[in-house]
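# What would the 3D arrangement of this be:
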Amino acid sequence: MSTPEEKLAELGLELPPLRPALGSYVGCVKTGNLLFTAGQGVDEYHGKLGRDLTVEEGYLAARQSMLNLLSVVKNEIGELSKVKQFVKILGMVNCTEEFTDQPKVMNGASDLIGLVFGEKGKHGRSAVGMAQLPNNTAIEIEMVIEIEE
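Numbering: from 1, shown residues only. Sure, this is the predicted structure:
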């Protein structure tokens, strides 16, 4: 059975270096067997969905945001195989008022964790539109995961 890191490599993906915090917070907080992450944006995609970016670009931005999150998780727990279950994902999409495809954009993150983690990757999710996000990033995602001790 492949580890999540091996599955990422099979997909031609790698975890990026940790991104620096943009404020006075930490990348994640562990309480009991739950890990709560801070939101992770992206450095590659900027602007509003529905005006500056397509749904396809938003999908790629969400996938990149999830890779950023997985880097934070790996840094905290050492091995992604210690993830027991993805519990909840909140996706915030920088978009125009008329844009209504936030769920299609967030599929970039959800599809990735499904491919990498299988059944453990099933999760609850919210996908919401935002008037603006820090540094005009296209997306920001935060999540709650259960980990094995």
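
# Residue 86 sits in which helix or strand?
Here residue 86 is covered by strand 83-94, with elements defined by DSSP states H and E.

# moving C-terminal of that strand, what's the next helix or strand?
helix 102-117.

# and that next one, how far from the chain's centre?
The chain centroid and the centroid of helix 102-117 are separated by 8 Å under Cα atoms, centre = their mean, to the nearest Å.

# returning to that earlier point: show me what the strand holding residue 86 is packed against.
helix 55-77, helix 102-117, strand 124-130, strand 139-147 (3 or more Cβ pairs under 8 Å, 6 or more residues apart in numbering; DSSP states H and E). Using the backbone N, CA and C atoms, a C-beta is placed for each residue, glycine as well.

# The ones you listed: which one's closest to residue 40?
Set against residue 40 and scored by Cβ to Cβ, these come closest in helix 55-77, at 4.1 Å.

# Could I get the buried residue list for the closest one?
With burial defined by 16 or more other Cβ atoms under 10 Å, the residues of helix 55-77 counted as buried are 55, 57-74, 76-77.

# Same question for stretch 27-40.
The neighbour-count check on stretch 27-40 (16+ other Cβ under 10 Å) flags 27-28, 35, 37-40 as buried.

# Closest one of those to residue 4?
When the buried residues of stretch 27-40 are compared for distance to residue 4 (Cβ to Cβ), residue 35 comes out closest, at 14.4 Å.

# residue nearest the centroid of the chain?
In the chain, the residue lying closest to the centroid (Cα atoms, centre = their mean) is residue 66, at 2.6 Å.

# Surely it touches residue 140?
No. Under the contact definition of Cβ atoms under 8 Å, residue 66 does not touch residue 140, with a separation of 11.4 Å.
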